[in-house]
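Participant: I'd like to go over a predicted model; first the sequence, then the structure.
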Amino acid sequence: MCRLDLAAAAAGALLVIVAAVVGTVIERANGSLHVNWPPLYASWFPHLGPGTPAALVVAAVVILHGPSLAARLPWRRLVLAGWAAGMAWTAALALIDGWRTGIAGRLTTAYEYLTVIRRFDDLGPALRGFTQHILDNAPDHWPAHVAGHPPAAVLTFVGLDRIGLGGGGWAGIWCITVGTSAVAAVLIALRALTDEPTARRAAPFLVLAPAAVWVGTSADGYFAAVAAWSLALLALAATRRTGHPAAAALASGLLFGLTCYLSYGLTLVALIAAAILLLTRTVRPLPLAAAGAALVAAVFTLAGFSWWEGYHLLVERYYQGAAAVRPYAYWVWGNLACTVLITGLATVAGLRRVLVAAPTALRGLRPSAGPLRAPSDRLAVLVLAVLLALLVADLSGMSKAETERIWLPFAVWLPAACAVLPDARRRTWLTAQAVLALLVNHLLYTGW
């Protein structure tokens with residue numbers, strides 16, 4: 001195993017340890033972090049559960065057979081197999097906490113969406129008055145997660161309830177099923193933007209990403225998948241790897257619009273979309289994608305919800321709570337420790353190789369240089385765009401803590417960097433990914 005890869009992984013582990021030690025000291029001194037097990041929103045709670053045997057089996061199968069299956073399965077079967085394996089891994093991890101605690105009860109707590117379903121029985125007035133309940137001192141103010149997101153987030157669960165799939169169980173199944181489809185979306189985008197061998201090498205790492213601990217079960221996992229499919233469809237439209245590029249561009253825009261009305265912060269997905277257009281040296285999909293996004297915005301605006309008003313009120317609400325005392329000086333780097341935990345040490349090692357290749361890749365983006373030919377260079381540009389989005393989110397100060405959940409829409413892309421790790425060590429790195437996820441889920445009770 002390359003010593004520099006090991007050094008990068010060790011540096012990632014050290015960052016987590018330092019964040020844990022420093023965070024614990026701060027929390028015990030003044031309680032300003034508002035987390036029990038910094039840098040994660042979690043509590044120390046060693047336990048086993050019904051999902052333990054299944055998680056061990058899934059991990060073993062992916063570690064032992066994932067690389068070879070990814071290399072030889074027909075492409076469409078690989079995409080479906082990746083989704084299915086990701087779903088099995090995520091569900092097994094969630095069930096370590098049991099059905100009620102791990103899945104069915106996650107979205108029914110006082111902070112979550114399902115507590116306000118009945119307030120949307122009359123949909124028109126609920127949307128027109130949505131912003132009136134964002135502030136913490138407003139009458140009948142929304143719970144934290146409803147107030148912290150545009151209404152498409154809660155409307156998803158209202159819609160499930162309307163079609164007879166109400167309650168926490170169905171909501172949890174929805175988030176896991178849709179959320180894990182991000183594996184398929186990222187695979188499709190990688191194949192379109194780099195090449196098929198790169199996507200195949202990344203597949204097992206996308207499946208065993210420790211982020212699965214939070215995809216099951218949180219609405220942010222669902223948001224991550226919507227954003228991922230928007231980008232995947234844009235990649236297909238830009239590279240014309242589909243027989244219907246116009247339809248793909250329009251669908252990409254519709255999903256991007258939905259993404260922005262699921263979470264204010266996911267407007268940063270536009271940075272990754274820009275990188276896709278830069279890589280493919282085309283703006284052909286842009287008019288239809290923009291039309292799709294504008295259509296979603298128009299629907300919500302005509303229904304009475306103002307995105308900009310909601311955003312400004314959210315910022316005010318954000319600083320009415322724990323964010324007012326959570327120290328920026330800790331979280332601006334503590335968030336990066338969270339990112340190590342959700343993407344894994346193999347991803348850190350892969351990112352080292354990507355960053356080494358970055359100068360060459362970026363020089364190749366000059367108009368006079370022609371299109372980037374090397375798949376590794378194209379992968380580097382894509383990953384750098386994701387890192388840029390994370391950096392902007394981090395520096396904004398609107399992501400102080402809980403980024404293990406909030407940053408899932410960006411984190412699902414980063415394990416793609418593992419495609420550049422040496423083939424001979426892939427099972428070792430996959431083992432590191434699985435062990436980290438298993439340790440987190442068995443030793444901690446993760447919030448949200």
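Facilitator: Structure's in. What do you need?
Participant: Flag the shaky bits of the protein, pLDDT-wise.
Facilitator: 1, 369-370, 448 (pLDDT under 70).
Participant: For it, list the residue farthest from the centre, please.
Facilitator: residue 368 (34.8 Å; C-alpha atoms, centre = their mean).
Participant: Give the helix, strand or coil label for that one.
Facilitator: helix (DSSP: H, G, I helix; E, B strand; the rest coil).
Participant: So for stretch 211-223, first residue to last residue, what's the gap.
Facilitator: Terminal residues of stretch 211-223 lie 13 Å apart, using C-alpha to C-alpha, to the nearest Å.
Participant: Same question for stretch 372-387: list its buried residues.
Facilitator: Buried residues in stretch 372-387, counted by 16 or more other C-beta atoms under 10 Å: 372, 375-387. Bear in mind the C-beta positions are built from the backbone N, C-alpha and C, glycine included.
Participant: ok now it, how far from the chain's centre?
Facilitator: Centre-to-centre, stretch 372-387 and its host chain are 19 Å apart (C-alpha atoms, centre = their mean, to the nearest Å).
Participant: Mind exporting the C-alpha coordinates of that stretch to PDB?
Facilitator: Only the C-alpha atoms of stretch 372-387 are listed here, as PDB (Å, rounded to 0.1, in the frame of the first residue of the first chain):
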ATOM      1  CA  LEU A 372      -9.500  16.700 -21.300                       C
ATOM      2  CA  ARG A 373      -8.700  13.200 -22.500                       C
ATOM      3  CA  ALA A 374      -7.500  11.400 -19.400                       C
ATOM      4  CA  PRO A 375     -10.400  10.000 -17.300                       C
ATOM      5  CA  SER A 376      -8.400  10.700 -14.200                       C
ATOM      6  CA  ASP A 377      -8.100  14.400 -15.100                       C
ATOM      7  CA  ARG A 378     -11.900  14.500 -15.800                       C
ATOM      8  CA  LEU A 379     -12.500  12.800 -12.400                       C
ATOM      9  CA  ALA A 380     -10.200  15.300 -10.700                       C
ATOM     10  CA  VAL A 381     -12.200  18.300 -12.100                       C
ATOM     11  CA  LEU A 382     -15.600  16.700 -11.000                       C
ATOM     12  CA  VAL A 383     -14.300  16.000  -7.500                       C
ATOM     13  CA  LEU A 384     -12.700  19.400  -7.100                       C
ATOM     14  CA  ALA A 385     -16.100  21.000  -7.900                       C
ATOM     15  CA  VAL A 386     -17.700  18.900  -5.100                       C
ATOM     16  CA  LEU A 387     -14.900  20.000  -2.700                       C
END
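Participant: and the nearest residue to residue 146 once chain neighbours are set aside, what is it in contact with?
Facilitator: Of all residues not flanking residue 146 in the chain, residue 154 sits nearest, at 5.1 Å (C-beta to C-beta, 6 or more residues apart in numbering). Taking C-beta atoms under 8 Å, 6 or more residues apart in numbering, we find residue 154 in contact with 113, 116-117, 120, 146.
Participant: Pull the most distant pair out of the buried residues of stretch 372-387.
Facilitator: Greatest spatial distance among the buried residues of stretch 372-387 (C-beta to C-beta): 375 and 387, at 18.4 Å.
Participant: Please look at residue 394 and residue 335 and confirm they touch.
Facilitator: Yes. Counting by C-beta atoms under 8 Å, residue 335 is a contact partner of residue 394 at 5.3 Å.
Participant: any common contacting residues for these two?
Facilitator: residue 403.
Participant: What segments of the stretch 251-400 of the chain are helices?
Facilitator: 269-280, 286-302, 307-318, 328-343, 345-363, 375-395 (DSSP state H, counting those that start in this stretch).
Participant: List phi and psi for residue 446.
Facilitator: Note on residue 446: its backbone torsions stand at phi -80, psi 140 [degrees, to the nearest 10].
Participant: What is the neighbour count of it?
Facilitator: When neighbours are counted by other C-beta atoms under 10 Å, residue 446 registers 22.
Participant: That one and residue 44 touch, don't they?
Facilitator: No. Under the criterion of C-beta under 8 Å, residue 446 is not in contact with residue 44, lying 11.2 Å apart.
Participant: What is the burial count for residue 281?
Facilitator: For residue 281, the tally of surrounding residues (other C-beta under 10 Å) stands at 12.
Participant: correct me, but it touches residue 371?
Facilitator: Yes. Because the distance of 5.6 Å satisfies C-beta under 8 Å, residue 281 is recorded as touching residue 371.
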